[in-house]
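Participant: Could you work out the structure for the sequence below:
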Amino acid sequence: MQSQDVAPRPAPASGPVVDVEQAEAALVEHYPRLVRLAYLVLPPSLGRNRRVLTAHALTQRALPRGRTSGDATVIPAQQTGGGRDGDPGYAFVRLQVVRTALEAGLPLTRRAWPKRSQLPPLLPQVWGLRLFPRSGGADELALDQRLSALSGPARAAYVLRGLEKLSEADVRKVLTAAGVEDPGAALAVASGLEAQDALLDSPEFDPCSLHARPTDLMRRRQHMKAALAATAAVVVCGALLGLPGDGWGPDGAAAPPYAQNPAAQAALDPAQLTKVPALAWQQSARTDFSVWPARGNLTGDSALLRRALAVWARPGESVAVSATPGTPSGAPPGPPQLLYAGEVDQARVVLLYDGLRIARYAEPTDGTNGAALDFARVDSAKGAEAEAVVLGRTDGNVRYLTAPWVTEAAERDLMKPSSGAMDLTLSADGTTTPLASPAQRSGACTSWNVLQLKDNSGTRLLTDLGELIPAHLTSGRPSAPGEASGAEALRNWAPFACSLASVRSQGVRSVNAWQYARQQLPDSGGSATWVCTRADTWRGGGTRVLAQFQTPGGAYGAVAAKAENSPACGSRDPHVLAGVLWKSGAGTWYLLAAGSKDTASVSATGGVTGSAQGALLAVRTKQGAQAELKGSLEDGRDITGLR
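Facilitator: Numbers count the residues shown, from 1 in each chain. Next comes the predicted model:
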């Protein structure tokens, strides 16, 4: 399977011939640079730990397949000259690294076997530790965020031009040889990004100089127990699947039958589906999916419902299956609840709920070819988390099915807090008119449209992050966050809306923005704002925390520090400390740091030395300086800078 960005590999062009010894010599000599290249081209959505390991794995697998000098490989013609740029061996290995790094960013599907580069690397592996490069300053972190918004080919074009110093013609040759369909478009997008070549050599992007931290020890112990239980379940299921019988029979896009089991057959019977009465929610104290009525104009179409259930139990090879991280995609344990069955934008859509997950089955109105099955975890969802489900996406827009208690729906631009909201029409069955989806947008972030829902208890904001369930946006202290729909909360969110792009397709349940400090800048620079955004997931792990810094008059916040699976800025640990290098209008560089209000003191060591009482620190320094931050809370506990 190939994406529209990466084409099948072209036939080798005429050029120098490289044997394995020549390529190996180039790889060994330039290994740190090649690994940095792979790290920068790989999609940041992999996370820093897997990105590091994958970069090393791809580079180590970049040699020609042959073992002797007789097994030679032809590479496209490159610029000539002395040193690295004139070495055909280096050009070959670089091409292999770029090609496999681009392949690693392609989405996995059930329609084709995954490429080796798309899978987590077998080697190298580090058990019990997370590895990641040293954190850079605000400029490096801002560049990393901008690169994450680019497509793989555009990111490769930017890095080849900035890190490798290749001309546009040579970049085009490398991208073409790597299988990119439209290298010109990739170059055009990369050219639209401000050139910051020096930052590409920063320690922030050096996967050979690493920090090591332990993984979550308690979760690791729980995962070991779960793995043992899962192994036992597989053994039992394998025995059941081997039992003889006629099975269920093929149905639409479902795979052929493989077992016969009374409970499983009951789960596939449309007559056994739970259909909640239309007004049951009005007499219930619950506000979750269990009280959603069955809606849509096809709830009586038994053939459609049978196909949806059969595909859920055994999706065929032609079915595109997706699931949010941490969501099991197996068959329902029993007859699920029907939430919706109807026609949506040239498709027939069925929404089903089994108490843990929502499954969305969609097929074209003219047949079952191209059917899709999507899963999302919704365990313990209630209130805002159970107020909307994605029905479909078309032409960059998204349409929702809302909870029966929702009275009004609107669309608002999170980046323009004073512009007001635009009303959306709610149909009789609770579906909204389409609204622009930020999850499907590429390029510069100039707006971020969110869904605003109102019921008898208040107004809430939800944002599409590319999954079935939109994420709930909140604002305020982690111990008691409030809705993000108020005027002050909207102003706080506006500069940081674009940072939501970094948590797309991560199974995010809610995102809270907390303005934890304001700091007077040196040299009469005005007042800066420190905000911590925390994205919590449905599975508990995989949280992402960003400490962001906004200067006076700045339209966007800059990422000062980030962490994954950290309790910082959360209800368990409502504290944070972060720092950034900042250049004043007078041309002087400073290390600025800020902690939450209960921080008693802050100190910096390493490349910058200084300390201050209270939650704020400003120390004169120089560009590129590195420092370690430590703080002391009012209760005597020590904290370190977010990383």
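
Participant: Identify the residues contacting the residue nearest to residue 328 when sequence neighbours are not counted.
Facilitator: Distances taken as C-beta to C-beta, 6 or more residues apart in numbering place residue 357 nearest to residue 328, at 7.2 Å, with adjacent residues excluded. Every C-beta, even on glycine, is put in place using the N, C-alpha and C of the backbone. When the contact criterion is C-beta atoms under 8 Å, 6 or more residues apart in numbering, the partners of residue 357 are 327-328, 375-378.

Participant: among the helices and strands of this structure, which has the poorest mean pLDDT?
Facilitator: When the helices and strands of the chain are scored by mean pLDDT, DSSP states H and E, strand 73-74 comes last with a mean of 42.

Participant: tell me the average confidence for the next helix or strand after it?
Facilitator: Heading C-terminal from strand 73-74, the first helix or strand you meet, by DSSP states H and E, is helix 88-104. Mean pLDDT, computed over helix 88-104, is 91.

Participant: Only alpha carbons, please: show helix 88-104 as PDB.
Facilitator: What follows is helix 88-104, C-alpha atoms only, in PDB (Å, rounded to 0.1, in the frame of the first residue of the first chain):
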ATOM      1  CA  PRO A  88      28.400   7.800  -3.900                       C
ATOM      2  CA  GLY A  89      28.400   5.600  -0.900                       C
ATOM      3  CA  TYR A  90      27.000   8.300   1.400                       C
ATOM      4  CA  ALA A  91      24.500   9.400  -1.300                       C
ATOM      5  CA  PHE A  92      23.200   5.800  -1.500                       C
ATOM      6  CA  VAL A  93      22.900   5.400   2.300                       C
ATOM      7  CA  ARG A  94      21.300   8.800   2.600                       C
ATOM      8  CA  LEU A  95      18.700   7.800  -0.100                       C
ATOM      9  CA  GLN A  96      17.900   4.600   1.700                       C
ATOM     10  CA  VAL A  97      17.400   6.400   5.000                       C
ATOM     11  CA  VAL A  98      15.100   9.000   3.500                       C
ATOM     12  CA  ARG A  99      13.100   6.400   1.600                       C
ATOM     13  CA  THR A 100      12.500   4.200   4.700                       C
ATOM     14  CA  ALA A 101      11.800   7.100   7.000                       C
ATOM     15  CA  LEU A 102       9.100   8.200   4.500                       C
ATOM     16  CA  GLU A 103       7.700   4.700   4.400                       C
ATOM     17  CA  ALA A 104       7.600   4.600   8.200                       C
END
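
Participant: Distance-wise, check residue 328 relative to residue 376.
Facilitator: 11 Å (C-beta to C-beta, to the nearest Å).

Participant: what about those two, which has more around it?
Facilitator: Each of residue 328 and residue 376 has its neighbours counted (other C-beta atoms under 10 Å); residue 376 has more, 20 against 10.

Participant: Leaving out sequence neighbours, find the closest residue to the more buried one.
Facilitator: residue 468 (3.8 Å).

Participant: you'd agree that neighbour is in a helix?
Facilitator: No: secondary structure of residue 468 (DSSP: H, G, I helix; E, B strand; the rest coil): coil, not part of a helix.

Participant: Please shift the residue numbers so they start at 221 in all later answers.
Facilitator: Renumbered: residue one is now 221, and that last one reads residue 688.

Participant: Filter the contacts of residue 577 down to the ones in strands?
Facilitator: Mapping the contacts of residue 577 onto strands (DSSP state E) picks out 595-597.

Participant: Of these, which is the nearest to residue 856?
Facilitator: residue 597 (38.7 Å; C-beta to C-beta).

Participant: quick check, distance from stretch 540-549 to the centre of its chain.
Facilitator: Counting by C-alpha atoms, centre = their mean, to the nearest Å, stretch 540-549 is centred 14 Å from the centre of its parent chain.

Participant: what does that stretch contact?
Facilitator: 329-331, 535, 576-577, 590-597, 687-689, 725-727, 757-759, 761-762.

Participant: Check stretch 708-717 too.
Facilitator: So stretch 708-717 is contacted by 634-637, 665, 668, 693, 695-696, 702-704, 733, 735, 749, 751, 753, 768, 770, 774-777 (C-beta under 8 Å, 6+ apart).

Participant: what ranges do the strands span in the stretch 271-420 of the chain?
Facilitator: Using DSSP state E, counting those that start in this stretch, the strands of the stretch 271-420 of the chain run over 293-294, 349-353.

Participant: Where among these is average confidence lowest?
Facilitator: strand 293-294 (a mean of 42).

Participant: Now do stretch 659-673: distance from first to last residue.
Facilitator: 19 Å (C-alpha to C-alpha, to the nearest Å).

Participant: ok now that stretch, how far from the chain's centre?
Facilitator: 15 Å.

Participant: for it, which positions count as buried?
Facilitator: Judged by neighbour count using 16 or more other C-beta atoms under 10 Å, the buried positions of stretch 659-673 are 659, 661, 665, 668-673.

Participant: same check, this time on stretch 371-384
Facilitator: So stretch 371-384, judged by 16+ other C-beta under 10 Å, has buried residues 371-384.

Participant: Also stretch 751-769?
Facilitator: So, applying 16+ other C-beta under 10 Å, buried residues of stretch 751-769: 751-759, 762-769.

Participant: Let me see the contact set for residue 696.
Facilitator: Residue 696 touches 702, 709, 732, 734, counting by C-beta under 8 Å, 6+ apart.

Participant: tell me the contacts of the first one?
Facilitator: If I follow you right, that is residue 702. 694-696, 709.

Participant: and these, which of them are in strands?
Facilitator: 694-695.

Participant: Report the buried members of the contacts of residue 702.
Facilitator: 694-696, 709.

Participant: Of those residues, just say which sits nearest to residue 785.
Facilitator: Of all the buried ones among the contacts of residue 702, residue 785 sits closest to residue 694, with 20.0 Å by C-beta to C-beta.

Participant: which residues does the closest one bridge with?
Facilitator: residue 703, residue 732 (DSSP bridges).

Participant: can you check residue 582 too?
Facilitator: residue 569, residue 592.

Participant: how about the helices in the stretch 271-420 of the chain?
Facilitator: 308-324, 358-368, 372-382, 388-397, 403-411 (DSSP state H, counting those that start in this stretch).

Participant: Show me what the first one is packed up against.
Facilitator: In this structure, helix 308-324 packs against strand 237-238, helix 240-249, helix 251-261, helix 268-280, helix 372-382, helix 388-397, with contacts taken as 3 or more C-beta pairs under 8 Å, 6 or more residues apart in numbering; DSSP states H and E.

Participant: can you list the residues that contact the fifth one?
Facilitator: Contacts to helix 372-382, defined as C-beta under 8 Å, 6+ apart, come from residues 225-226, 257, 260-261, 263, 318, 321-322, 325-326, 367, 370, 386-388, 390-391, 394-395, 398, 400, 402-403, 405-407, 409-410, 413, 415-417, 420.

Participant: What's the ChimeraX line that selects buried ones from these?
Facilitator: Buried subset of those, written as a ChimeraX selection, criterion 16+ other C-beta under 10 Å:
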select :225,226,257,260,261,263,318,321,322,325,326,367,370,386,390,391,394,395,398,400,403,406,407,409,410,413,420
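
Participant: Contacts only, for residue 266.
Facilitator: By C-beta under 8 Å, 6+ apart, the neighbours of residue 266 are 274, 324.

Participant: now it: how far from residue 689?
Facilitator: 23 Å.

Participant: buried subset of the contacts of stretch 540-549?
Facilitator: Here, 16+ other C-beta under 10 Å leaves 330, 535, 577, 591-597, 687-689, 726-727, 757-759, 762 buried among those.

Participant: mind listing the helices in the stretch 721-863 of the chain by residue range?
Facilitator: According to DSSP H, counting those that start in this stretch, the stretch 721-863 of the chain contains no helices.

Participant: Show me the strands in the stretch 471-620 of the chain, by range?
Facilitator: 540-543, 557-563, 567-573, 577-584, 592-597, 608-614, 617-622.

Participant: May I have the first one as PDB, with CA atoms only?
Facilitator: In other words, strand 540-543. Taking Å, rounded to 0.1, in the frame of the first residue of the first chain, the C-alpha atoms of strand 540-543 are listed here in PDB:
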ATOM      1  CA  ALA A 540     -10.500  -0.400   6.400                       C
ATOM      2  CA  VAL A 541     -10.300  -0.900  10.200                       C
ATOM      3  CA  SER A 542      -9.000   1.800  12.600                       C
ATOM      4  CA  ALA A 543      -9.000   2.100  16.400                       C
END
